[in-house]
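Asks: have a look; sequence and predicted model below, questions after that.
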Amino acid sequence: MAVDLTTVLAGVEFANPVFTASGCAAAGQELDTFTDVTTLGGVVTKSVMRLPRAGRPTPRMAETASGMLNSIGLQGPGIEAFLANDLPWLLERGARPVVSIAGSSVQEYTELAQALRDVDGVALIEVNISCPNVEDRGHVFACHPASAAAVVSAVRRNSRVPVFAKLSPDVTDIVGIAEAVLTAGANGLSLINTMLGLAIDPGSLRPVLGAVTGGLSGPAIKPVALRCVWQVHAAFPDVPIFGIGGVRTGTDALEFLLAGASAVQVGTALFGDPTALPRIMDELGTALDERGLTRPGEIVGRAHRSPLFVAPEGPDPLGDASLRAAG
Ligand code: SIN
């Protein structure tokens, strides 16, 4: 195959555009027993907070139609244990870590960024301002442009590597939130986090999740994620975007690139198939090759430019004929 999957995000080069999504592979150790994590674009770690955290009450996961709800509640070991155990393992293994951080105040995000600032090997920081499973909805900073900007600005000022802000789809105007965090210094965006949802157990007559609500992920939210990537790419075509939401195949990844993402993150699919990532990478390479493309970057945002009209002599969705048809 003549395709080179190398992908550059905010000036940082990665071997390919397929990453884990935060929260779905912890810090990569368990996944590595199924998939060599050094072959991935990168490992986006479970969002780490300043202190150890137990998370929300159980049950914390529920299967839904074409998706999954989780209400984990940012369970984790805290930044000190993460820096002592998880990050060194990833670095010694030779993986590319994208460290996801979460906090309940601007000060907490600041301290997390400071703790990471002098650690060599962190490729990017992903600022999770959009976890739907916090007790106080006021802590979903991504729902308010000023709060989102305050967090991102603090992390940007205290980081040496590019900072990506992870946004929520549960807003009226995601482009407005994107504008706020980009103005505050974000170097890229991760679109999207899960959508707030609810499942009811008709047997117990109660919500399935201990926390009542949870974040919906998987194929059910792929059209929403594609729409968010599309809208934000249309407004900010030069901003690198991770597309996240229901990626299971190389074709799904291709669709996100066409909408304007430069790379994708895969999460829910790993629960059913922990070997999905290398397959998705291969399928994406084949999909690009079949369309006569040699690099993923050639197709980023292409759906915004491709004509709806297809020339009668053949499908040729990317070639000169269809471009001519567009005028
Ligand atoms: C969680 O830990 O509750 C999920 C994190 C997230 O969706 O950001």
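Replies: Thanks, I have it. Numbers count the residues shown, from 1 in each chain.

Asks: pull the contacting residues for the residue of the stretch 201-327 of the chain at minimum distance from the ligand.
Replies: Closest residue of the stretch 201-327 of the chain to the ligand, CB to the nearest ligand atom: residue 215 (4.7 Å). Using the backbone N, CA and C atoms, a C-beta is placed for each residue, glycine as well. Residue 215 makes contact with 69, 70, 71, 131, 132, 133, 193, 194, 195, 196, 197, according to CB atoms under 8 Å, 6 or more residues apart in numbering.

Asks: rerun at 7 Å
Replies: Shown in contact with residue 215 (CB atoms under 7 Å, 6 or more residues apart in numbering): 69, 70, 132, 133, 193, 194, 195, 196.

Asks: could you dump those residues into TSV with pLDDT, distance to the ligand and neighbour count added?
Replies: Conversion of these to TSV gives the following (pLDDT from 0 to 100; distance: CB to the nearest ligand atom, whole Å; neighbours: other CB atoms under 10 Å):
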residue	pLDDT	distance to the ligand	neighbour count
69	98	10	29
70	98	6	24
132	95	6	25
133	93	3	22
193	98	5	28
194	98	5	29
195	98	10	20
196	97	10	17
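
Asks: all helices of the stretch 201-327 of the chain, in order?
Replies: 222-235, 250-259, 269-272, 276-290, 320-326 (DSSP state H, counting those that start in this stretch).

Asks: please work out which of those is packed deepest.
Replies: helix 250-259 (a mean of 23; mean count of other CB atoms under 10 Å).

Asks: packing partners of it?
Replies: Where contact means 3 or more CB pairs under 7 Å, 6 or more residues apart in numbering; DSSP states H and E, helix 250-259 is packed against helix 222-235, helix 276-290.

Asks: cutoff 10 Å now
Replies: Packing partners of helix 250-259 (3 or more CB pairs under 10 Å, 6 or more residues apart in numbering; DSSP states H and E): helix 222-235, strand 241-244, strand 263-266, helix 276-290.

Asks: okay, these in a markdown table with distance to residue 181 and mean pLDDT next?
Replies: Formatted as a markdown table, the helices and strands packed on helix 250-259 follow (distance: least, CB to CB, whole Å; pLDDT from 0 to 100):
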| stretch | distance to residue 181 | mean pLDDT |
| --- | --- | --- |
| helix 222-235 | 10 | 98 |
| strand 241-244 | 12 | 99 |
| strand 263-266 | 18 | 98 |
| helix 276-290 | 27 | 98 |
